[in-house]
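K.L.:
no sequence for this one, just the structure:
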């Protein structure tokens with residue numbers, strides 16, 4: 001088995017790994033140590049063009065010529081190849097993104113599951129017949145939208161790349177993937193393993209570099225037909241504006257300020273454990289992090305005590321160590337932003353129950369660690385209630401009844417996910433129906449799976465990742481009408 005960990009990760013264009021044509025490289029920092037662990041190539045404008053041209057050539061050439069059943073078989077093989085390299089991919093992901101290795105391995109496994117799901121769907125993408133009367137037959141078809149620019153964030157570098165690549169390939173599209181500049185390594189591996197699986201050269205291309213130059217050039221390229229972006233809401237607005245100039249299809253998966261809603265009749269022990277996972281998984285650096293705790297007033301203090309005790313018990317440390325449960329933040333600058341949010345929340349009058357301090361020694365490793373942090377008695381008008389912090393910080397407030405819980409849950413610009421904790425099934429369903437968000441868990445903190453559409457309302461974006469509905473985003477619908485009458489049609493009688 002080849003070694004996937006190395007000192008340099010290039011660009012993946014047309015089935016080959018290449019360095020930047022001007023030799024430009026970027027240092028890749030291990031968030032757990034603050035030290036350089038590898039280097040990554042920075043694409044030039046010419047290489048952006050090369051990647052798109054490679055994707056376009058594959059689209060109109062070998063990839064289009066594959067029958068759906070053949071495409072299905074090669075995607076199954078892609079899943080198998082990734083699974084064979086799961087441990088190595090997880091290690092590289094841990095080094096690059098600071099992820100706990102067991103979490104990274106689970107995310108690689110989800111990519112395997114996603115590819116398996118779409119491999120099974122690839123030869124079942126069809127249209128329908130439409131009744132139009134006795135004089136004609138009408139049928140719809142689904143065709144690949146074309147070359148897709150896929151821009152993924154640093155918080156889930158491999159998993160988000162898999163979320164985007166899998167449905168695109170199943171639909172018959174080709175892709176140019178642009179990972180975040182901080183975390184390009186595992187995206188390059190995704191391209192490399194596509195070749196190993198037998199996917200034709202040019203179907204999966206990977207270019208890295210700053211969004212201002214590389215990302216903008218990719219979005220503006222005339223042979224890019226669709227742009228999909230996961231990241232910050234303000235950046236997503238810019239992506240949408242650039243794509244609009246070329247009337248490109250766009251889907252956006254953006255920020256979140258999601259709630260865990262805890263009713264008094266919930267299993268409080270289970271709700272506390274699940275809610276700790278929902279915010280502190282991946283050190284809170286998740287768009288779906290349940291970063292607001294809305295707690296029924298009669299159990300407010302009791303639940304907070306349970307929650308804080310569990311948060312304090314989390315083991316921070318080396319992401320490669322088996323006992324570690326939470327790793328570092330992605331960078332020193334991001335940690336400082338998170339800390340500034342906490343300081344502002346305390347200044348506005350919230351009660352700091354745990355955390356909220358910068359570790360003096362980076363947990364003895366020089367990394368960008370930040371402790372699990374809980375701010376209580378937060379009010380709806382506070383910035384920490386409204387703004388996405390994107391770190392291991394949860395804010396808590398009380399509600400008096402079901403109506404107030406719904407109002408508070410919806411009282412932010414975002415609408416991605418929510419979790420409801422209650423033993424009253426009818427109430428849980430009522431609340432779920434009233435929430436303005438795309439995915440809701442009842443008595444479970446989990447929010448994603450291969451067959452589940454993932455996406456949000458409002459400022460959380462539009463379009464869905466995963467699930468069968470994602471295929472719609474990577475296809476165009478064509479309708480064909482055929483006359484069946486013997487007599488010619490002559491409406492103008494000419």
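P.N.:
Sure thing, it's come through. The structure presented is a predicted model; accordingly, all values stated were derived computationally and were not measured.
K.L.:
Next up, the contacts around the closest residue to residue 350 other than its chain neighbours.
P.N.:
Ranked by Cβ to Cβ, 6 or more residues apart in numbering and with sequence neighbours excluded, the top spatial neighbour of residue 350 is residue 375, at 4.2 Å. All C-beta atoms are positioned from the backbone trio N, CA, C, and that covers glycine. With contact taken as Cβ atoms under 8 Å, 6 or more residues apart in numbering, residue 375 is in contact with 342, 345-346, 350-353, 356, 384, 393-396.
K.L.:
now do residue 462
P.N.:
251, 252, 455, 456.
K.L.:
For it, name its beta-bridge partners.
P.N.:
As for beta bridges, residue 462 partners with residue 252 under DSSP bridges.
K.L.:
Distance of it relative to residue 44?
P.N.:
The gap separating residue 462 from residue 44 is 32 Å, by Cβ to Cβ, to the nearest Å.
K.L.:
So, low pLDDT: which residues of the chain?
P.N.:
By pLDDT under 70, the weakly predicted segments of the chain are 1-2, 360-365.
K.L.:
Give the closest residue to the residue nearest to the spatial centre of it in space, chain neighbours not counted.
P.N.:
Nearest to the mean C-alpha position of the chain, by Cα atoms, centre = their mean, lies residue 160 at 4.4 Å. Sequence neighbours aside, residue 152 is the residue nearest to residue 160 in space, at 4.3 Å (criterion: Cβ to Cβ, 6+ apart).
K.L.:
The one you found contacts residue 179, correct?
P.N.:
Yes: shown here, residue 152 and residue 179 form a contact pair, counting by Cβ atoms under 8 Å, at 5.5 Å.
K.L.:
Give the intersection of the neighbour lists for those two.
P.N.:
Shared contacts of residue 152 and residue 179 (Cβ under 8 Å, 6+ apart): 161, 187.
K.L.:
Which residue ranges of the stretch 151-300 of the chain form strands?
P.N.:
174-178, 204-206, 226-230, 249-253, 259-262, 292-296 (DSSP state E, counting those that start in this stretch).
K.L.:
just checking, what packs against the first one?
P.N.:
When contacts are defined as 3 or more Cβ pairs under 8 Å, 6 or more residues apart in numbering; DSSP states H and E, strand 174-178 packs onto helix 45-60, strand 147-151, helix 157-170, helix 185-196, strand 204-206.
K.L.:
Tell me what residue 417 is bridged to.
P.N.:
residue 439.
K.L.:
Is there a neighbour count for it? I'd like the number.
P.N.:
28 (other Cβ atoms under 10 Å).
K.L.:
Report the contact partners of it.
P.N.:
Contacts of residue 417 (Cβ under 8 Å, 6+ apart): 256, 258, 288, 290, 437, 438, 439, 440, 441, 447, 456.
K.L.:
what would the residues you listed look like in CSV with distance to residue 485 and neighbour count?
P.N.:
Listed next are the contacts of residue 417 as CSV, based on distance: Cβ to Cβ, whole Å; neighbours: other Cβ atoms under 10 Å:
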residue, distance to residue 485, neighbour count
256, 55, 29
258, 57, 30
288, 55, 26
290, 60, 30
437, 51, 23
438, 46, 23
439, 49, 21
440, 51, 20
441, 54, 19
447, 53, 22
456, 48, 26
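K.L.:
and those as TSV, adding distance to residue 368?
P.N.:
Listed next are these as TSV, based on distance: Cβ to Cβ, whole Å:
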residue	distance to residue 368
256	22
258	24
288	22
290	23
437	30
438	30
439	29
440	32
441	29
447	25
456	28
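K.L.:
Name the nearest of those relative to residue 19.
P.N.:
residue 288 (36.0 Å; Cβ to Cβ).
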